[in-house]
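[1] dropping the sequence and predicted coords here.
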Amino acid sequence: MKKILLLLTLIIFTSCISRNNEKYVLNESTVILRAKFFKIETKNGIHIYHFKNDAIEGVFVKASDSILTNSNFRKIKLNKKYTLVLNKQLSYASCFGTETEEVSYTENNVLVWQTGMKSSYFVDCENIIGKKINPRFTLIKYIDPKEPKNTK
């Protein structure tokens with residue numbers, strides 16, 4: 001009877017643990033998340049990527065003239081989930097001013113994002129080059145538990 005109670009307790013405990021994390025924040029500016037691209041625009045030599053998941057909707061820009069030779073990168077398909085390594089621009093609030101600042105981001109004379117849009121703006125996505133993505137991304141590259149050794 002004790003074994004059955006222990007087994008049921010373990011089953012209930014493990015079923016309550018979330019295994020579907022949608023977002024990992026590595027530091028103030030780097031976010032790793034799984035999302036689907038719902039729109040990719042090409043204007044004036046840039047690609048504007050629009051993506052979303054359950055927690056966030058966002059946009060970022062990449063140059064369209066990049067030359068790619070790495071065989072790990074694959075063509076991006078719409079409405080397919082990918083792991084994205086995104087960089088946000090850090091902004092610090094003023095403790096003296098109470099007025100809100102209107103911000104807009106323009107690349108190659110194309111308005112990409114402005115205050116009031118429901119999406120978030122990201123400066124870069126590290127695992128995308130041109131219109132291709134590295135689907136073999138792992139967190140190991142970004143999280144290294146070993147401290148670098150001092151060589152003196």
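    Arrived safely, thanks for sending. Numbering: from 1, shown residues only.
[2] for the rest of this, base every contact and every neighbour count on C-alpha atoms.
    Will do.
[3] low-confidence ranges, the protein, go.
    The model of the chain has pLDDT under 70 over residues 7-8, 10-26, 65-66, 68-69, 91-101, 137-152.
[4] tell me the buried residues in the top strand by length along the chain?
    Secondary structure of the chain per DSSP state E: the longest strand is strand 30-43. Across strand 30-43, burial judged by 16 or more other CA atoms under 10 Å covers 30-37, 40.
[5] whichever helix or strand comes after that strand - contacts with which helices or strands?
    Going down the chain from strand 30-43, the next helix or strand is strand 46-52, by DSSP states H and E. The contact analysis (3 or more CA pairs under 8 Å, 6 or more residues apart in numbering; DSSP states H and E) places strand 46-52 against strand 30-43, strand 57-63.
[6] contact partners of strand 46-52?
    With contact meaning CA atoms under 8 Å, 6 or more residues apart in numbering, strand 46-52 is reached by 35-42, 57-65, 107-108, 112, 130-131.
[7] could you check the angle strand 57-63 makes with that strand?
    Angle of strand 46-52 versus strand 57-63, following axes from the mean of the first three to the mean of the last three CA atoms, to 10 degrees, is 160 degrees.
[8] strand 46-52 pairs with which strands, parallel or anti?
    Applying DSSP bridges, strand 46-52 is found paired with strand 30-43 (antiparallel), strand 57-63 (antiparallel).
[9] still on that earlier bit, in TSV, list the helices and strands packed on strand 46-52 along with distance to Leu84.
    TSV is the format used below for these (distance: least, CA to CA, whole Å):
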stretch	distance to Leu84
strand 30-43	5
strand 57-63	11
